[in-house]
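Student: Sequence plus the predicted model coming up.
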Amino acid sequence: QVHLVESGGGLVQAGGSLRLSCAASGRTFSMSWFRQAPGKEREFVAAISWTGGRTSYADSVKGRFTISRDNAKNTVLLQMNSLKPEDTAVYYCAAGDRLGASDRRYEYDYWGQGTQVTVSS
């Protein structure tokens, strides 16, 4: 069983930056971030493969967000720059047993409780 705990969310002005962290207990392979805004479905943000050699991003965050991982610390990070009000959501860390960097929600078996990110205009 894998347990995931997110941290680093908060309130920031548009154009600002935040860094989210996800600490995992137990071995993880593919890891990702999803987000869910009020009244909307949970959507893919970014994913990283087991080795960190492959990443994928939603078009809406490409060039602004960077996902990385430290396997020695069992941690995955999401650096978010140039934040926009439309980035406001609860951000969820997810882990799966596959090796790639999938953007498919069903390929992730373990989920954290989420951390709130609010971007003011």
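Tutor: On my side now, so go ahead.

Student: Quick test: name the residue nearest the centre of this protein.
Tutor: residue 33 (2.3 Å; Cα atoms, centre = their mean).

Student: That residue contacts residue 20, doesn't it?
Tutor: Yes. Using Cβ atoms under 8 Å, residue 33 is in contact with residue 20, at 6.9 Å. For every residue, glycine as well, the C-beta is placed using N, CA and C.

Student: Find the residues that touch each one of these two.
Tutor: 78, 91, 93 (Cβ atoms under 8 Å, 6 or more residues apart in numbering).

Student: so how many other residues sit close to the closest residue to the second one other than its chain neighbours?
Tutor: Pointing back at residue 91 there. Leaving aside its sequence neighbours, residue 91 sits nearest to residue 35 (Cβ to Cβ, 6 or more residues apart in numbering; 4.8 Å). By the criterion of other Cβ atoms under 10 Å, residue 35 has 24 neighbours.

Student: my read: residue 35 touches residue 46, true?
Tutor: No. Contact criterion Cβ under 8 Å: residue 35 and residue 46 do not qualify, at 9.8 Å.
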